[in-house]
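J.: Here is the input, now give the coordinates:
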Amino acid sequence: MYVPEHFRESDTQVLQQYIRDYGFGVLVVANGEGIEANHVPFHLQVDGDNPSGVLRCHVARNNLVWQRIEKGGQVLVIFQGPDAYVSPSFYPSKAETGRVVPTWNYLAVHAEGCAHIVLDPNRLREHLHKLTEHHETARNPSWSVDDAPRDFTESLMRGIVGIEIHIEKLTGKLKASQNQPELTGQESSPALRMKNARTTVACRSLSYNSYKRRCFNHQVEICRRLNFSVFTYNDTYTIAEVLVWDR
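T.: Predicted coordinates for the structure are as follows:
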């Protein structure tokens, strides 16, 4: 991934948190058999033995990508965070000189490592527990794998294969118009902030307000790190919009 220095995120702990918050990734396998990409949810585990982290996921047994991984080799996992089209209308230079073009702001994390398959039913069940708990924690009532009959879950587990990836390299890119010094003015009125909007980030939720809130809270953290201020948040609709203006 091409990453200019002013867009680079090098803090491992920050990148690991991005993975936790945007854990639906793309598993990419490329070798002599060709290139293959699969969209799957991941769970990240970080401990003393694995400071860079271990990614775990699972695929259907009928998905033959696991047989390619069984043969060994490196894989790439891509995580995509919030993204937004940035209109030239957001910049004062549009009216002053016209020398401005659209761009796209986004957050992306790439994880590279060696992948192994997991067939042991105990390790596979542990993975399913951790993945489920990560996403159910904020829900009330929450659901656990143990809530379903064990014979039922065991029959389903026979139809999946686990994949484990020990992360060897993390690359992060947070492109949020950091290279636009003209937007660092001291305008304070809401009207001028709206006129000088740096970006609009849409947090899309498939269903639950808790997921929207989690995305929103994480986006607020990103904005604060970039010295942005959060102007408003609409928690009414399935599409949650975070309007971000420069201070």
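
J.: any idea how this protein splits into domains?
T.: 5-183, 184-247 (automatic domain parsing).

J.: Quick one: low-confidence residue ranges for this protein.
T.: Scanning the chain for pLDDT under 70 picks out 181-247.

J.: repeat that for 90
T.: Residues of the chain that meet the criterion pLDDT under 90 lie in 31-33, 48-50, 70-73, 84-101, 103, 138, 176-247.

J.: quick one, strands of it?
T.: Secondary structure of the chain by DSSP state E: the strands cover 8-9, 24-31, 34-41, 43-47, 50-60, 74-86, 103-118, 160-175, 197-204, 228-233, 239-246.

J.: neighbouring strands for the shortest one, and are they parallel or not?
T.: The reference is to strand 8-9. Applying DSSP bridges to the sheet, strand 8-9 is found paired with strand 160-175 (antiparallel).

J.: got the contact list for residue 68?
T.: 29, 31, 33, 36 (C-beta atoms under 8 Å, 6 or more residues apart in numbering). (Glycine included, C-beta is placed from N, CA and C.)

J.: separation between the closest residue to the last one other than its chain neighbours and residue 96?
T.: It stands for residue 36. The spatial neighbour of residue 36 that comes closest, neighbours along the chain excluded (C-beta to C-beta, 6 or more residues apart in numbering), is residue 29 at 4.9 Å. For residue 29, the distance to residue 96 equals 49 Å [C-beta to C-beta, to the nearest Å].

J.: Show me which of those two is the more surrounded one.
T.: The residue with more neighbours, out of residue 29 and residue 96, is residue 29; 20 against 10, by other C-beta atoms under 10 Å.

J.: The more buried one contacts residue 64, correct?
T.: No - Residue 29 is beyond contact range of residue 64, at 10.6 Å (criterion: C-beta atoms under 8 Å).

J.: give the contact list for the closest residue to residue 107 other than its chain neighbours.
T.: In space, and not counting its chain neighbours, residue 107 is closest to residue 81: 3.1 Å by C-beta to C-beta, 6+ apart. Residues near residue 81 by C-beta under 8 Å, 6+ apart: 18, 21-22, 106-109, 222.

J.: quick one: residue 81 from residue 137, how far?
T.: 20 Å.
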